[in-house]
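Chemist: below are the sequence and a predicted model for it; my questions follow.
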Amino acid sequence: MITFRAEKQPDGSVLFTHIESFGARRSFFGNFVNWLFFKALFPKQANWELIKQDMQEDDANLKKILEGNQ
């Protein structure tokens with residue numbers, strides 16, 4: 001699931017945020033599957049710094065698009 005949020009700032013710019021969620025959610029089965037994949041079977045497979053960097057780059061690029069500064 002990806003959630004997008006944009007807030008207009010007092011100076012006229014736009015603060016843009018997006019949140020990415022991975023895996024099934026809000027059920028015992030979903031929590032178990034997330035634990036199984038991300039904690040038990042593949043704990044070192046996910047490069048969380050790379051994911052964080054990608055999300056920051058996405059935010060910056062989408063902010064430029066929304067503000068018209070392509």
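Modeler: Looks like it arrived, so ask away. Numbering: from 1, shown residues only.
Chemist: all the helices of the chain, in order from the start?
Modeler: In the chain, the helices defined using DSSP state H lie at 28-35, 48-67.
Chemist: which one of the ones you listed lies nearest to Phe4?
Modeler: Nearest to Phe4, of all those, is helix 48-67, at 8.0 Å by Cβ to Cβ. To be clear about C-beta, it is placed using only N, CA and C from the backbone, and glycine gets the same treatment.
Chemist: so which of the helices of the chain comes closest to Phe42?
Modeler: Judging those by Cβ to Cβ, what sits closest to Phe42 is helix 28-35, at 11.3 Å.
Chemist: so what does the closest one touch, helix or strand wise?
Modeler: Based on contacts counted as 3 or more Cβ pairs under 8 Å, 6 or more residues apart in numbering; DSSP states H and E, there is no element that helix 28-35 packs against.
Chemist: mean confidence score for it?
Modeler: Per-residue pLDDT over helix 28-35 has a mean of 78.
Chemist: would you reformat the helices of the chain as a markdown table and include distance to Phe16 and mean neighbour count?
Modeler: Below are the helices of the chain laid out as a markdown table (distance: least, Cβ to Cβ, whole Å; neighbours: other Cβ atoms under 10 Å):
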| stretch | distance to Phe16 | mean neighbour count |
| --- | --- | --- |
| helix 28-35 | 27 | 12 |
| helix 48-67 | 5 | 12 |
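Chemist: where does the residue of the chain positioned farthest from its centre fall, phi/psi-wise?
Modeler: For the chain, the largest distance from the centre (Cα atoms, centre = their mean) belongs to Asp11, which lies 25.6 Å off. Main-chain torsions, Asp11, degrees, to the nearest 10: phi -80, psi 0.
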